[in-house]
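> structure here, sequence nowhere to be found:
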């Protein structure tokens, strides 16, 4: 079973659903925190902006009222100086009381230094003018100086109003700067929370994928009949329990494989001894060692001899099947040249080809790869044997090996009855025997192509029947041109 990375000391939740919910919750947590923090920032900015607007508006309102009051006091003072009416002085005192309340309220606001300085100068100037107004003034220079003082007081009140307008502008600018700072802060938080959320999501994706991947490899291992390695799944309790059941299934399959192997081994060897005696007896009868046989007796002896040969062939194939199953997972990768293996296989079948008056066409290119030479020899041997079995007398068999970029291609063609399209996949099943007639003397067991497919798959290759060509059967094997072992 393929090993997977595990985090030491990590404790999974008891269920896969809890792991999913925990993953979704933690992955969304940074974004939720960023959203809450953004809400707090906006609330704070709103509160600060409202306070600043209120203060600036109050300062502007107070400055306008102050300007109106100074104007009213100047008018009353001029009238008093001209008319000398005591009622005008009383009205002046009332307006002055409002002036004092206004300046007192404005002094409580959070004004800056320049505003406070102008406000204090205005208060001091008005106090000096009021004291001067209460004294008896000559009608010449004294009154002129007093009127000039009120003009200066108006200018000071106007300065206070201008400072209030500047305060409004500064507060607007400050609110804009605060908004920009808040925006930058929120962008930085967003820039940090998104990667953090993605990182947490990737972590939980790994934690979720690890047991799933372990289950996938375990099921694939069982499907490929790789029973040597134990199955262990680490994750939530429900997935671990599923892994334990798969391990139990693996052990049961191992026991069944051992029982099947023992059964085949026992039956094959138990049959070989009486079969050998039966075949030798039929041979003695057929060659006349026990006396001359008539025609009918000769036919019976030939039937016995033919079927004993067939039974011996089937037993040998069963033993070969047993050995093939045992060796599928024992692949010894070495540098090989597939064209050399193909020549040796062709040489091994030379007598069988000559006996059937067949022609074997070899189209072999240098095809170097890292593979198990014995397993590939079995593949080629079974494909060529299959072609010889189904080729008619005097037919032609083609064996081609070529290299194509990063793969090696093997093609074996014969001129026999071919393979039906509906059997193109089933022909590689264990013990499958198609409907097409064969020309060999002994009927096959349906194991050769199945063994060939297992050995090809063990090399991470493919074997297929090419149904587009006619006549005959056409097999194509594609192997990766591996450059490193494994």
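Yep, that arrived. All figures in this text were calculated on a predicted structure; none of them were measured in a lab. Numbers count the residues shown, from 1 in each chain.
> please count neighbours and contacts with C-alpha atoms only from this point.
Fine.
> and the next element down the chain from the strand or helix carrying residue 182?
Using DSSP states H and E, the element containing residue 182 is helix 141-223. For helix 141-223, the succeeding helix or strand toward the C-terminus, using DSSP H and E, is helix 237-286.
> re earlier: give me the angle between the helix holding residue 182 and helix 237-286.
Interaxial angle of helix 141-223 relative to helix 237-286 (axes from the mean of the first three to the mean of the last three Cα atoms, to 10 degrees): 20 degrees.
> in stretch 166-181, what counts as buried?
For stretch 166-181, a neighbour-count test (16 or more other Cα atoms under 10 Å) marks 167-168, 171-172, 175, 179 as buried.
> contact partners of it?
Residues outside stretch 166-181 that contact it (Cα atoms under 8 Å, 6 or more residues apart in numbering) are 45, 49, 52-53, 56-57, 60.
> go again with 6 Å.
residue 56 (Cα atoms under 6 Å, 6 or more residues apart in numbering).
> same question, stretch 407-422
For stretch 407-422, the external contacting residues (Cα under 6 Å, 6+ apart) are 387, 390-391, 397-402, 471-481.
> could you do stretch 48-61 as well?
164, 168.
> what does stretch 189-202 give?
Contact with stretch 189-202 is made by 27, 30-31, as judged by Cα under 6 Å, 6+ apart.
> please redo it, this time with the cut-off set to 8 Å
23-24, 26-31, 34.
> which stretches of the protein have low pLDDT?
For the chain, the stretches flagged by pLDDT under 70 are 1-16, 110, 134-142, 224-225, 288-291, 320-329, 431, 433-446, 469-470, 482-486.
> center of it, which residue is that?
Centroid-nearest residue in the chain: residue 205, 7.6 Å away (criterion: Cα atoms, centre = their mean).
> ok, now how distant is that one from residue 194?
16 Å (Cα to Cα, to the nearest Å).
> before we move on, what about residue 355?
Counting by Cα to Cα, the gap from residue 355 to residue 194 is 77 Å.
> check the offset of the longest strand along the chain from the chain's centre.
Longest strand in the chain by number of residues, with DSSP state E as the criterion: strand 396-404. Centre-to-centre, strand 396-404 and its host chain are 41 Å apart (Cα atoms, centre = their mean, to the nearest Å).
> returning to what we had before: which one of the contacts of stretch 189-202 sits closest to residue 222?
Closest approach to residue 222 among the contacts of stretch 189-202 (Cα to Cα): residue 23, at 30.6 Å.
> so what's the residue count around that closest one?
Here the number of neighbours of residue 23 (other Cα atoms under 10 Å) works out to 20.
> helix, strand or coil for it?
Of the three states, residue 23 takes helix according to DSSP: H, G, I helix; E, B strand; the rest coil.
> now it. Nearest residue, chain neighbours left out?
Of all residues not flanking residue 23 in the chain, residue 204 sits nearest, at 5.5 Å (Cα to Cα, 6 or more residues apart in numbering).
> tell me the buried residues in stretch 19-33?
Taking 16+ other Cα under 10 Å as the criterion, stretch 19-33 shows 19, 23-24, 26-31 as buried.
> for the longest strand of the chain, which positions count as buried?
Buried-residue list, strand 396-404, by 16+ other Cα under 10 Å: 396-403.
> what pairs with it, parallel or antiparallel?
Strand 396-404 has these partner strands in its sheet, going by DSSP bridges: strand 359-364 (parallel), strand 407-413 (antiparallel).
> any idea how far residue 339 lies from residue 382?
Distance of residue 339 to residue 382, computed by Cα to Cα: 16 Å.
> correction: the previous question concerned residue 247.
Distance of residue 247 to residue 382, computed by Cα to Cα: 35 Å.
> same thing with residue 394?
20 Å.
> neighbour count for these two, which is higher?
Neighbours were counted for residue 394 and for residue 382 using other Cα under 10 Å; residue 382 has more, 19 against 14.
> you'd agree the more buried one is up against residue 452?
Yes - applying Cα atoms under 8 Å, one finds residue 382 in contact with residue 452, separated by 6.7 Å.
> same for the helix or strand where residue 93 lies, what does it pack against?
Here residue 93 sits within helix 86-107, counting by DSSP H and E. The criterion is 3 or more Cα pairs under 8 Å, 6 or more residues apart in numbering; DSSP states H and E, and the helices and strands that helix 86-107 contacts are helix 16-83, helix 113-134.
> neighbouring contacts of the shortest one?
Spelled out, it's helix 113-134. For helix 113-134, contacts defined as Cα under 8 Å, 6+ apart pick out 77, 100, 103, 107, 146, 149-150, 153, 156-157, 159-160, 163-164.
> count the neighbours of residue 75 for me.
By the criterion of other Cα under 10 Å, residue 75 has 15 neighbours.
> got the contact list for it?
Counted by Cα under 8 Å, 6+ apart, residue 75 has zero contacts.
> same question, residue 424
So residue 424 contacts 464-465, 467 (Cα under 8 Å, 6+ apart).
> for residue 475, give me phi and psi.
phi -110, psi 140 (degrees, to the nearest 10).
> name the nearest residue to it, sequence neighbours excluded.
Spatially, and ignoring its direct neighbours in sequence, residue 475 is nearest to residue 465 (4.7 Å; Cα to Cα, 6+ apart).
> where does the one you found fall, phi/psi-wise?
phi -100, psi 130.
> hang on, the earlier thing: residues contacting the helix holding residue 93, please?
Helix 86-107 is touched from outside by 59, 62, 65-66, 69-70, 72-73, 76-77, 79-80, 116, 119, 123, with contacts defined as Cα under 8 Å, 6+ apart.
> buried set for it?
So, applying 16+ other Cα under 10 Å, buried residues of helix 86-107: 88-89, 92, 95-96, 99-100, 102-103, 106.
> residue 365: which of these is nearest?
The closest of the buried residues of helix 86-107 to residue 365 turns out to be residue 106 (Cα to Cα; 103.3 Å).
> tell me the spacing between that closest one and residue 70.
In this structure, residue 106 and residue 70 are 15 Å apart, going by Cα to Cα.
> now residue 287
Distance, residue 287 to residue 70, by Cα to Cα: 151 Å.
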